[in-house]
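[1] how does the following fold in three dimensions:
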Amino acid sequence: MPVFTFSGKDAAGQKISGERTSPNKQTLAAQLRRERITPGSIREKGKEFSLPTFGSGKVKTKEIAIFFRQFSVMIDAGLPLVQCLEILAANQENPTFQKTLTGVRTTVEGGSTLANAMRQFPNVFDDLSTNMIEAGETGGILDIILQRLATYVEKAVKLRAAVKSALIYPVAVVSIAVLIVGALLKWVVPIFANLFAGLGVALPLPTRVVMGLSALVGHFWWFFILGAVALVFGLKQIRKHPQGQYAFDAVLLKTPVLGLLLRKIAVARFTRTLGTLITSGVPILEGLAITARTSGNAVLQEALMRVRKAIEEGRTIVDPLKESGVFPNMVTQMIGVGEATGAMDSMLQKIADFYEDEVDAATKDLLAMLEPLIIGMLGLTIGGIVISLYMPLFAMIAKLAG
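    Numbering: from 1, shown residues only. Next comes the predicted model:
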């Protein structure tokens, strides 16, 4: 008789796992339910399905949004759950996503719920998705929940694209400027240095400064490369630790201009996530915990966990939101109105719509401000180097003309 490994939750909601012998997965699932254990994953030992960990591709957020949209249409049309997963897996071009959906279908066939089957793949389906799907399965509105999930993920993709569009241009221009200045100091300036040394002319201060920078870059160019790599590596290591992540995010939120944009992005993400969860029937305490984990900002995460603790103690949501100092007054006031009128879910969605529009406007304003500033700095830097190199030549020409 085959041996199966299983995981699930007992009547108290505690996670439980182990091994059992059983003729098949269906029999084991029925046996676990009789023992008041909700089965999650059931796999035959030695034939476990797992994703490759090395060299495996990633599943894009846009692919997940399309999957949820197609899934909702199929469920609404009345197709069986397993057949929907089979069709969607067969039509996936991403092999990693295809294997994920195949694994979900296999687990569902073994008697697991869709939410528990998806929880096996946390890199693809996060807590927000699985909890909403669990609420949809419990309430019998899986098709509606999938539509809401698709809308949520699509808006998240749009918000992320707006942020990227604001960062790509200045990063690209600054990177090109650094390369150009480095090339000038490494290869062009030494030619003029040799020329001036042969002529024996007295060099003005700007020219001497540029010559010194050129000599520094020429001898220690490797140090600048190592420094850049060390800086990137150091920031990644800092962000791996909770205290470092919190300090890094706190500094970013206090940064002029950029901090205001990041705060608007955080508020838009928070209100959209919490509003979607509450609308889907997820309890507010669990919704706040999920929203905190998926916020992407350590400062916001800590503030939301404090809000959750305050609600557990019997307080309203508005006061702890104000005390956190993270959320603007308009947001806390609108949430307070929503809580008082019993329409917090719709109020959160309206706040999210407003702040997503604010993010779009802020990114356009940021680009409009950065473009002339970066071009001006680039012109001053390269123009200053060129002028400093020609200053001795101008002096020589004036002396010869005299």
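[2] list the contacts for T107?
    By C-beta atoms under 8 Å, 6 or more residues apart in numbering, the residues touching T107 are G40, S41, I42, R43, N116, A117, Q120. (Each C-beta comes from the backbone N, C-alpha and C, glycine too.)
[3] correction: the previous question concerned A362.
    In this structure, A362 makes contact with L260, L261, K264, judged by C-beta under 8 Å, 6+ apart.
[4] please redo it, this time with the cut-off set to 10 Å
    Contacts for A362 (C-beta atoms under 10 Å, 6 or more residues apart in numbering) come out as A162, V163, A166, V257, L258, L260, L261, L262, R263, K264, I265, Y355.
[5] okay, which residue is most central for the protein?
    Using C-alpha atoms, centre = their mean, the residue of the chain that lies closest to the mean C-alpha position is G296, 6.1 Å off.
[6] isn't there a strand covering that one?
    No - when classified by DSSP: H, G, I helix; E, B strand; the rest coil, G296 is found to be coil rather than part of a strand.
[7] from what I can see it touches D249, true?
    Yes - the criterion here is C-beta atoms under 10 Å, and G296 meets it with D249 at 8.9 Å.
[8] how about the helices in the stretch 251-400 of the chain?
    Counting by DSSP state H, counting those that start in this stretch, one finds helices in the stretch 251-400 of the chain at the ranges 258-279, 284-293, 298-312, 318-324, 329-341, 344-401.
[9] to Q243, which of those lies closest?
    With C-beta to C-beta as the measure, helix 298-312 is the member of these nearest Q243 (8.9 Å).
[10] give me the angle between the closest one and helix 258-279.
    Taking axes from the mean of the first three to the mean of the last three C-alpha atoms, to 10 degrees, one finds that helix 298-312 is oriented at 40 degrees with respect to helix 258-279.
[11] report the buried residues of helix 298-312.
    Residues of helix 298-312 classed as buried under the neighbour-count rule (16 or more other C-beta atoms under 10 Å) are A298, V299, L300, Q301, E302, A303, L304, R306, V307, R308, A310, I311.
[12] chain neighbours aside, what residue packs nearest to the third one?
    With C-beta to C-beta, 6 or more residues apart in numbering as the measure, A266 is the residue that lies nearest to L300, at 5.0 Å, once sequence neighbours are left out.
[13] separation between the one you found and I284?
    When C-beta to C-beta, to the nearest Å is applied, the distance between A266 and I284 equals 19 Å.
[14] so those two - more neighbours on which side?
    When A266 and I284 are compared on other C-beta atoms under 10 Å, the one with more neighbours turns out to be A266, at 22 against 18.
[15] now do the contacts for V282.
    When contacts are taken as C-beta under 10 Å, 6+ apart, V282 is in contact with L128, N131, M132, E134, A135, I145, L274, T276, L288, A289, I290, T291.
[16] may I see those residues organised as JSON lines, with pLDDT and distance to L216 added?
    Putting the contacts of V282 into JSON lines (pLDDT from 0 to 100; distance: C-beta to C-beta, whole Å) gives the following:
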{"residue": "L128", "pLDDT": "88", "distance to L216": "51"}
{"residue": "N131", "pLDDT": "88", "distance to L216": "56"}
{"residue": "M132", "pLDDT": "90", "distance to L216": "57"}
{"residue": "E134", "pLDDT": "89", "distance to L216": "60"}
{"residue": "A135", "pLDDT": "89", "distance to L216": "62"}
{"residue": "I145", "pLDDT": "92", "distance to L216": "61"}
{"residue": "L274", "pLDDT": "92", "distance to L216": "52"}
{"residue": "T276", "pLDDT": "92", "distance to L216": "54"}
{"residue": "L288", "pLDDT": "92", "distance to L216": "53"}
{"residue": "A289", "pLDDT": "90", "distance to L216": "52"}
{"residue": "I290", "pLDDT": "89", "distance to L216": "51"}
{"residue": "T291", "pLDDT": "91", "distance to L216": "49"}
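[17] what is the nearest of these to K9?
    Using C-beta to C-beta, E134 is the member of these that sits closest to K9, with 11.1 Å.
[18] wait, that closest one sits on T113?
    Yes - contact status for E134 versus T113: in contact at 7.0 Å, counting by C-beta under 10 Å.
[19] can you check which residues contact both of the two?
    Common contact partners of E134 and T113 (C-beta under 10 Å, 6+ apart): R119.
[20] follow-up on the earlier one: farthest pair in the contacts of T107?
    Going by C-beta to C-beta, the pair spanning the contacts of T107 furthest: R43 and N116, at 12.7 Å.
[21] which of these two has more neighbours?
    Comparing R43 with N116 by neighbour count (other C-beta under 10 Å), the higher total belongs to N116, at 24 against 19.
[22] which residues are in contact with both of R43 and N116?
    By C-beta under 10 Å, 6+ apart, the residues touching both R43 and N116 are S7, T107.
[23] which residues touch A247?
    A247 sits next to I238, R239, H241, A298, V299 when contact means C-beta under 10 Å, 6+ apart.
[24] export those to CSV and tack on distance to N329 and pLDDT?
    Shown next, in CSV, are these (distance: C-beta to C-beta, whole Å; pLDDT from 0 to 100):
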residue, distance to N329, pLDDT
I238, 32, 88
R239, 30, 84
H241, 33, 88
A298, 23, 90
V299, 18, 91
